[in-house]
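*Asks:* sequence plus the predicted model coming up.
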Amino acid sequence: MSGAGAYSPRVRALFDALPRSGALPPGGLTIAGESVAVDRGAWVRFEARLEGGRIVDCRFRAWGCPHTLAAAALAAGELAEGRVPAARWLSRELGAPAGKMGRLLVVEDAMQSLLAERARVE
């Protein structure tokens, strides 16, 4: 991660660990949602396991800058806890500069795609 001084401690910690990254283990009803914006340098895909219409586990795969990956990791954790964070909340939590909002909106769009899929299967 070059230019590490430009990243908050929260971004560095999430980027280093990437909690909830990768595919869900097999089993149960799973859904997915994704968003891509090549012009913004970001792609995010969330996968979630549903039980009784509720998200009980969530994982992500992503391509982009450290802010994008950290935001996807943070969002996956929030989704698994039943919360849906907005891009502005992610930005505040990560201390992301305004210039990264476009990438955080890709994360938000991927979450909305996931939630639309949940509504479709219910």
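*Replies:* Done, it's in. Just so it is clear, the model here is predicted, and its values are computed rather than measured.

*Asks:* residues in contact with stretch 39-47?
*Replies:* With contact meaning CB atoms under 8 Å, 6 or more residues apart in numbering, stretch 39-47 is reached by 23-24, 30-37, 58-65, 68, 72, 75-76, 79, 102-103, 106-107, 109-111, 113-114. (C-beta placed from N, C-alpha, C; glycine too.)

*Asks:* which ones are touching the residue nearest the centre of the chain?
*Replies:* Centroid-nearest residue in the chain: residue 72, 2.3 Å away (criterion: CA atoms, centre = their mean). The contact partners of residue 72, taken as CB under 8 Å, 6+ apart, are 21, 44, 46, 60, 62, 107, 110.

*Asks:* just the buried subset of these, please.
*Replies:* 44, 46, 60, 62, 107, 110 (16 or more other CB atoms under 10 Å).

*Asks:* quick one: the second one is in a strand?
*Replies:* Yes: the secondary structure assignment for residue 46 places it in a strand, going by DSSP: H, G, I helix; E, B strand; the rest coil.

*Asks:* quick check: pLDDT value at it.
*Replies:* According to the prediction, residue 46 has pLDDT 98.

*Asks:* with adjacent residues omitted, what lies nearest to it?
*Replies:* residue 114 (4.6 Å; CB to CB, 6 or more residues apart in numbering).

*Asks:* with the contacts of residue 72 in mind, which one is nearest to residue 97?
*Replies:* residue 107 (15.4 Å; CB to CB).
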